[in-house]
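Novice: prediction below, plus the sequence it came from.
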Amino acid sequence: MSATLPPFRFDHLHVRHADPDAAGRFFVDMLGGEHRSRVEGDGRLRVTVAVAGVPLFIDRIAADGPAAPDAPYAGLEHIGFATDDVDETIAALEARGVEILVRPHDIGPTTRIAFIRGPGLMRIEFLQRR
């Protein structure tokens, strides 16, 4: 018999980017996120933003660091945000200059999805559940 698991809650997503300031601006300017903090010291830089209430820690990685693999791959593959209207959301993002990776389409009778390119090679999904 296993021990009872104490309660826990979601805290943050942690991503790495060659330019955390630029990545943070993308989430604020393009997705309406909120800038929370910027901490720099000892050669490190972390920008923290929140998008749809989800805190994102964006730490600097060397520009010549390893690139993300081509999707799909094992591991955390994308961030997903729910919306009431995928088509309207994607149209608004496209008007802001965001690159659309996968146009809105149905993946069954109750779900419509689309993907955009986030900072670097990050994939961000918007989905609408009916």
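Specialist: On my side now, so go ahead.
Novice: list the contacts for the nearest residue to Leu101 once chain neighbours are set aside?
Specialist: Residue nearest to Leu101 in three dimensions, not counting chain neighbours: Phe115, with 4.2 Å by CB to CB, 6 or more residues apart in numbering. The way it works is simple: take the backbone N, C-alpha and C, and place the C-beta from them, glycine included. Contacts of Phe115 were listed using CB atoms under 8 Å, 6 or more residues apart in numbering, and they are His78, Ile100, Leu101, Val102, Arg123, Ile124, Glu125, Phe126.
Novice: mind checking how far Phe115 is from Ile100?
Specialist: From Phe115 across to Ile100, the span is 8 Å (CB to CB, to the nearest Å).
Novice: identify the contacts common to those two.
Specialist: In contact with both Phe115 and Ile100: no residue, using CB under 8 Å, 6+ apart.
Novice: okay, now the closest residue to Ala62 other than its chain neighbours: neighbour count?
Specialist: Nearest non-adjacent residue to Ala62, counting by CB to CB, 6+ apart: Ala18, 7.2 Å away. Residues lying near Ala18 (other CB atoms under 10 Å) number 14.
Novice: among the contacts of Phe115, name the ones in strands.
Specialist: Judged by DSSP state E, the contacts of Phe115 include Ile100, Leu101, Val102, Arg123, Ile124, Glu125, Phe126 as members of strands.
Novice: show me how to select, in ChimeraX, the buried members of those residues.
Specialist: Listed next is the ChimeraX selection for buried residues among the ones in strands among the contacts of Phe115, using 16 or more other CB atoms under 10 Å:
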select :123,124,125,126
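Novice: separation between the spatially most central residue of the chain and Ile124?
Specialist: Computing the C-alpha centroid of the chain and ranking residues by CA atoms, centre = their mean puts Ile79 first, at 4.5 Å. According to CB to CB, Ile79 stands 5 Å off from Ile124.
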